[in-house]
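Chemist: heads up, no residue letters with this:
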């Protein structure tokens, strides 16, 4: 039984290495190439989930004395799977800000322009507040 588990572990290691490599390529692709790579990664993620299920079944069949070690391995594999899925999700949307800026014609200085505009408005607001306070003082003294 443990030999089956170990063969599943090897398959899982190879599969996660392939998935990691492809996830790294996804943000650099565009159009149909990106769609094909995303579909391929999704398929491989599904295969990895199935491997995890098979591994869980094997762990259930292992005698209770040695089950603890395999259970801890399973937890780490599940965590790794969660990280892969999160990385994949991030890689699919990695350059969406760049694409958005190209489409909308924003340049990279828009945040600097907004900051300068905000500072100007803040100064103008402070000057107006001081004039209002001075006018109020005059009204109170009269």
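Modeler: Nice, thanks for sending it over. Computed from a prediction, not measured in an experiment: that's the story for all the values here. Numbers count the residues shown, from 1 in each chain.

Chemist: so after the helix or strand of the chain with the lowest mean pLDDT, what's the next helix or strand?
Modeler: The helix or strand of the chain with the poorest confidence is helix 96-104; it has a mean of 60 (mean pLDDT, DSSP states H and E). Taking DSSP states H and E as the definition, the helix or strand that follows helix 96-104 towards the C-terminus is helix 110-141.

Chemist: can you list the low-confidence ranges for this structure?
Modeler: Scanning the chain with the threshold set as pLDDT under 70 gives 1-2, 94-110.

Chemist: domains in it, as residue ranges please.
Modeler: Domains of the chain are assigned by the TED database as 3-98, 106-141.

Chemist: need the winner for burial among those domains.
Modeler: With neighbours defined by mean count of other Cβ atoms under 10 Å, none of the domains of the chain is more surrounded on average than domain 3-98, at a mean of 14. Any C-beta I mention is one placed from the backbone N, CA and C, and that applies to glycine too.

Chemist: mind checking how far residue 46 is from residue 120?
Modeler: Applying Cβ to Cβ, to the nearest Å, one obtains 54 Å for the distance of residue 46 from residue 120.

Chemist: just residue 85 next, same as before
Modeler: Remark: distance between residue 85 and residue 120 (Cβ to Cβ) = 45 Å.

Chemist: how close does residue 52 get to residue 58?
Modeler: Residue 52 is 11 Å from residue 58, where distance means Cβ to Cβ.

Chemist: next one: residue 29
Modeler: Taking Cβ to Cβ as the measure, residue 29 and residue 58 are separated by 36 Å.

Chemist: check residue 18 too.
Modeler: Between residue 18 and residue 58 the computed distance is 22 Å (Cβ to Cβ).
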